[in-house]
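>>> quick one, structure for this:
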Amino acid sequence: MKTGKILKIALSMVKANKLRSWLTIIGVIIGIASVMAIVTTGEYFEKEVTETLEGFGGDTITIVASTPFHITDEEFVIENLEDPEESSEYSGVSSEINIETDRGKKETETDMSDYLESDSIEEAELTKMDVFALRSIPAIEYINVNVEKDAELKFGGESTWVWVKGVDPGVWPRISKKELEQGRMLKAGDRNVVVLSNELAKESFGKEIRLNQMILLNGKSYRVIGILEESGGLLGGFTGLFGSSVYMPYQDVYSLASDEDLPERETYSSIELKLYKGADYSSSIQEIENKLRISRRVNEDTQDFYVNSNREAIEGVRKLINGLTAFLAFIAGISLLVGSTGIANTMFTSVLEKTKEIGIMKAIGAKNRDIMLIFLCNSAMISLVGGIIGILLGTAAVQAVLLFLSIRMNVPFEFALSLKAAFVATFVSILVGLIAGLVPAKNASELKPVDALRYE
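Presented below is the predicted three-dimensional model:
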């Protein structure tokens, strides 16, 4: 029997029982729509979270100073002496001795303050010596120093407090993920100029800040040479919320501090590193730590700095989202099992109804393979229609949710479609139909013509 004839007969079987066919299709629609919506949403939020984290420096390594905290033996003794009653009960001394201990407590408190004043811990700092030590590591391509400070920004008679980030103007544009909307990035040799975030330039004041206009930071004038692009996506606003609003050469940030706050030497809030493409992150981080320990004359126990790689955080978040998406998709996929049961039930019923017709087709020369293909095509059509409608409904549901979120969060709507999920859903829907219809089709093909013709 020709393929066209087989498909025509299968389609006529679907049309002959429209209500039963649609009830079966609905079961497939629910399963495919659920899986499609969950997978598409998971992939969308994975992309958004990844882009947001990369906006903070996804492929960079950040070094910050971190003063180690240790409890000394003297502090342990002082802490025990602060509660003389508990100490007396533990040692079994009399209440008369407690009075003397109370007097000793005041003396001890005085000794403690003298001890802390005379032996205060010096706050850890990052300096040029650390940069020199890092330059000797072959895997490092760029080194950017950051000096951060809050400042009062005045423009057009209005003022607001902003977070200023001083960067190396010759390096920062090469490692930053930020894009420009207007103007240019910082470049080597720039002084008394700034690059502003889109949110600060357009939303913080009654009048928009434009290129080449002057702003005041802590009373000092700076010219605006660039305005960054607006952060896109549902989570893009977090970059502007937690990130810096003003970027300028790090040397200029020192002048924002008052005379009392001016550092005695050039220090940095953090140091950002970018490795060459293909460099081993784990071994590079280990080498960075070893070099800095030698340079700063510390060991693993007294280490006064911290090395952080955002790549590990990004990979961890992606694995978490993927795992959660897979789990939810598996739960939603259970409805596909229900749908396949409905297809199998429909096909068994069709075999019973078409028994006499099967006998007639076999009597005029139809082969077992032809009968099996007719019923398999019938079940595949049912599942394919359900799969296509399910993909459309699942995609529409995702767009509705994203549109609602974009309106509530006042961000541009972005269409989301997972081609991978659509392909997998289509393939799975056809596969479910074929598997569910396999046994009924096999039973139909094995009917003997004489028995089929006598069937009532």
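>>> flag the shaky bits of the stretch 351-456 of the chain, pLDDT-wise.
450-456 (pLDDT under 70).
>>> check the chain too.
In the chain, residues with pLDDT under 70: 1, 53-59, 68-122, 231-244, 258-264, 450-456.
>>> how about the strands in it?
Using DSSP state E, the strands assigned to the chain run over residues 61-65, 126-127, 140-155, 158-167, 180-183, 193-196, 214-217, 220-228, 246-249, 267-268, 270-275, 305-309.
>>> compute the inter-axis angle for the last one and strand 270-275.
Angular relation of strand 305-309 and strand 270-275 on a 0 to 180 degree scale: 40 degrees, by axes from the mean of the first three to the mean of the last three CA atoms, to 10 degrees.
>>> with mean neighbour count and distance to residue 435 added, can I get the strands of the chain in JSON lines?
Glycine gets a C-beta too; all of them are placed from N, C-alpha and C. Converted to JSON lines, the strands of the chain look like this (neighbours: other CB atoms under 10 Å; distance: least, CB to CB, whole Å):
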{"stretch": "strand 61-65", "mean neighbour count": "19", "distance to residue 435": "50"}
{"stretch": "strand 126-127", "mean neighbour count": "20", "distance to residue 435": "63"}
{"stretch": "strand 140-155", "mean neighbour count": "19", "distance to residue 435": "53"}
{"stretch": "strand 158-167", "mean neighbour count": "17", "distance to residue 435": "58"}
{"stretch": "strand 180-183", "mean neighbour count": "14", "distance to residue 435": "53"}
{"stretch": "strand 193-196", "mean neighbour count": "24", "distance to residue 435": "59"}
{"stretch": "strand 214-217", "mean neighbour count": "17", "distance to residue 435": "67"}
{"stretch": "strand 220-228", "mean neighbour count": "18", "distance to residue 435": "53"}
{"stretch": "strand 246-249", "mean neighbour count": "24", "distance to residue 435": "59"}
{"stretch": "strand 267-268", "mean neighbour count": "21", "distance to residue 435": "63"}
{"stretch": "strand 270-275", "mean neighbour count": "21", "distance to residue 435": "49"}
{"stretch": "strand 305-309", "mean neighbour count": "18", "distance to residue 435": "46"}
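>>> mind checking which of these is nearest residue 38?
strand 305-309 (30.6 Å; CB to CB).
>>> need the CA coordinates for that closest one. PDB is fine.
Extracted in PDB, the C-alpha atoms of strand 305-309 (Å, rounded to 0.1, in the frame of the first residue of the first chain):
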ATOM      1  CA  PHE A 305      43.500  39.300  51.300                       C
ATOM      2  CA  TYR A 306      40.800  37.400  49.500                       C
ATOM      3  CA  VAL A 307      40.700  36.200  45.900                       C
ATOM      4  CA  ASN A 308      37.300  35.800  44.300                       C
ATOM      5  CA  SER A 309      36.400  34.400  40.900                       C
END
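>>> now the strands of the chain as JSON lines including distance to residue 328?
Output for the strands of the chain, formatted as JSON lines (distance: least, CB to CB, whole Å):
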{"stretch": "strand 61-65", "distance to residue 328": "33"}
{"stretch": "strand 126-127", "distance to residue 328": "44"}
{"stretch": "strand 140-155", "distance to residue 328": "39"}
{"stretch": "strand 158-167", "distance to residue 328": "37"}
{"stretch": "strand 180-183", "distance to residue 328": "37"}
{"stretch": "strand 193-196", "distance to residue 328": "41"}
{"stretch": "strand 214-217", "distance to residue 328": "48"}
{"stretch": "strand 220-228", "distance to residue 328": "36"}
{"stretch": "strand 246-249", "distance to residue 328": "40"}
{"stretch": "strand 267-268", "distance to residue 328": "44"}
{"stretch": "strand 270-275", "distance to residue 328": "36"}
{"stretch": "strand 305-309", "distance to residue 328": "29"}
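>>> show me what contacts residue 283?
residue 139 (CB atoms under 8 Å, 6 or more residues apart in numbering).
>>> count of residues packed around residue 211?
14 (other CB atoms under 10 Å).
>>> among the strands of the chain, which is nearest residue 293?
Per CB to CB, nearest to residue 293 of the strands of the chain: strand 305-309, 8.6 Å.
>>> contacts for stretch 327-334, please.
31, 34-35, 38-39, 42.
>>> and residue 396, which of the strands of the chain is closest to it?
Across the strands of the chain, closest to residue 396 is strand 180-183 (CB to CB), at 32.8 Å.
>>> what pairs with the closest one, parallel or antiparallel?
strand 220-228 (antiparallel) (DSSP bridges).
>>> just the CA coordinates of the strand it pairs with, formatted as CSV?
Output in CSV follows, covering the C-alpha atoms of strand 220-228 (Å, rounded to 0.1, in the frame of the first residue of the first chain):
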residue,chain,number,x,y,z
LYS,A,220,34.8,69.5,42.4
SER,A,221,34.0,69.9,38.7
TYR,A,222,34.1,66.9,36.2
ARG,A,223,33.1,66.7,32.6
VAL,A,224,30.8,63.9,31.3
ILE,A,225,32.4,62.1,28.4
GLY,A,226,30.3,59.0,28.2
ILE,A,227,26.9,57.5,29.2
LEU,A,228,26.5,53.8,29.4
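>>> how far is that strand from where the chain is centred?
Here strand 220-228 is found 31 Å from its chain centre; the criterion is CA atoms, centre = their mean, to the nearest Å.
>>> all helices of the stretch 301-450 of the chain, in order?
Under the criterion DSSP state H, counting those that start in this stretch, the stretch 301-450 of the chain contains helices at 310-353, 355-363, 368-409, 419-445, 449-454.
>>> make JSON lines out of those helices and add distance to residue 248.
Compiled in JSON lines, the helices of the stretch 301-450 of the chain are given as follows (distance: least, CB to CB, whole Å):
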{"stretch": "helix 310-353", "distance to residue 248": "23"}
{"stretch": "helix 355-363", "distance to residue 248": "83"}
{"stretch": "helix 368-409", "distance to residue 248": "30"}
{"stretch": "helix 419-445", "distance to residue 248": "43"}
{"stretch": "helix 449-454", "distance to residue 248": "87"}
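>>> which parts of the chain belong to which domain?
Per the record, the chain has its domains at 3-55+315-454, 73-118, 126-303, by automatic domain parsing.
>>> between the ones you listed, which gets nearest to residue 66?
domain 126-303 (7.8 Å).
>>> I'd like the helices of the stretch 301-450 of the chain as CSV, with distance to residue 168 and mean neighbour count appended.
Shown next, in CSV, are these (distance: least, CB to CB, whole Å; neighbours: other CB atoms under 10 Å):
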stretch, distance to residue 168, mean neighbour count
helix 310-353, 19, 16
helix 355-363, 81, 17
helix 368-409, 34, 20
helix 419-445, 41, 19
helix 449-454, 85, 14
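>>> nearest to residue 251, out of these?
Of these, the one closest to residue 251 (CB to CB) turns out to be helix 310-353, at 26.1 Å.
>>> cool, thanks, talk later.
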